[in-house]
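[1] Here's my sequence, what's the structure:
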Amino acid sequence: MDEQKVIAEIEKQAETMTAPEMRAHMLAFAECGYMVTEMNQHTFSAREVEAYLDGRPAHDLIAFNSRWPRRVGSR
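    As a prediction, the model looks like this:
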């Protein structure tokens, strides 16, 4: 399967999401190639977590960030 087609499909599906945090995760996944959650963030380096957080659209994260504090740590 063509990587660009997969990314395009993920972005297309993200645009249909009504939950802002899910949309933000999908768009960041399309940009970074991995998904960081509260449960798995300890398995990523601080740089990877920052890149992921930076990849999410700011307007989608207003409510999301108030529930998920940024706890960045290294491996």
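[2] which residues in this structure form helices?
    Ranges of helices in the chain, per DSSP state H, are 3-16, 20-32, 46-54, 62-67.
[3] Could I get the average pLDDT for the last one?
    Averaging the model's pLDDT scores along helix 62-67 yields 46.
[4] Start and end of stretch 36-47, how far apart?
    12 Å (C-alpha to C-alpha, to the nearest Å).
[5] List the buried residues for it?
    Across stretch 36-47, burial judged by 16 or more other C-beta atoms under 10 Å covers 36, 41, 44. To be clear about C-beta, it is placed using only N, CA and C from the backbone, and glycine gets the same treatment.
[6] pLDDT on it, on average?
    Computed over stretch 36-47, the average pLDDT equals 90.
[7] Kindly report the same for stretch 1-19.
    The model assigns stretch 1-19 a mean pLDDT of 90.
[8] Let me see the residues that make contact with it.
    Residues outside stretch 1-19 that contact it (C-beta atoms under 8 Å, 6 or more residues apart in numbering) are 22-23, 26-27, 29-30.
[9] Could you pick out the buried ones from those?
    Buried among the contacts of stretch 1-19 by 16+ other C-beta under 10 Å: 23, 26-27, 29-30.
[10] What is the nearest of those residues to residue 55?
    In terms of C-beta to C-beta, no member of the buried ones among the contacts of stretch 1-19 lies closer to residue 55 than residue 27, at 7.0 Å.
[11] Spatially nearest residue to that closest one, not counting backbone neighbours?
    residue 14 (4.9 Å; C-beta to C-beta, 6 or more residues apart in numbering).
[12] and the one you found, how far is that from residue 52?
    Here residue 14 is placed at a distance of 14 Å from residue 52 (C-beta to C-beta, to the nearest Å).
[13] Can you give me the distance of the residue nearest to residue 27 to residue 43?
    The gap separating residue 14 from residue 43 is 23 Å, by C-beta to C-beta.
[14] And residue 29, by the same measure?
    Going from residue 29 to residue 43 by C-beta to C-beta gives 15 Å.
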